[in-house]
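Engineer: Sequence unavailable; structure follows:
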């Protein structure tokens, strides 16, 4: 499976999706913020192309405030990074 970034598109509902899917980018971004690795995200969402992780990272780096608001609105809370086990 390719790790090349996956293109994104804006759906009719104005949410951002991965091309070829009906999967919201914010869901992967929320996993990244929580500290999930690329492998963990792939295990959780095995039908998503591997490049979705990188695409979500790049999109979030450019649209952080917007995506934080989308995540808050969608989940009803703010996501914080998991504390390291130890």
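Structural biologist: Noted; the coordinates are in hand. These figures come from a predicted structure and were not determined experimentally.
Engineer: ok, and the residue positioned nearest the centre of the chain, which helix or strand is that part of?
Structural biologist: Residue closest to the mean C-alpha point of the chain, counted by Cα atoms, centre = their mean, is residue 28 at 2.1 Å. For residue 28, the host element (DSSP states H and E) is helix 25-33.
Engineer: Show me what that helix packs onto, helices and strands only.
Structural biologist: When contacts are defined as 3 or more Cβ pairs under 8 Å, 6 or more residues apart in numbering; DSSP states H and E, helix 25-33 sits against strand 16-18, helix 38-44, helix 52-62, helix 64-75. C-beta here means a position set from N, CA and C on the backbone, and glycine is covered the same way.
Engineer: Deepest in the core, which of the ones you listed is it.
Structural biologist: strand 16-18 (a mean of 20; mean count of other Cβ atoms under 10 Å).
Engineer: what's that one in contact with?
Structural biologist: Residues outside strand 16-18 that contact it (Cβ atoms under 8 Å, 6 or more residues apart in numbering) are 6-11, 23-26, 48-49, 52, 55, 59.
Engineer: Out of the helices and strands packed on helix 25-33, which gets nearest to residue 32?
Structural biologist: Comparison of the helices and strands packed on helix 25-33 against residue 32 by Cβ to Cβ identifies helix 52-62 as nearest, at 6.2 Å.
Engineer: Now do that closest one: distance to the chain's middle.
Structural biologist: Helix 52-62 has its C-alpha centroid displaced from the chain centroid by 7 Å (Cα atoms, centre = their mean, to the nearest Å).
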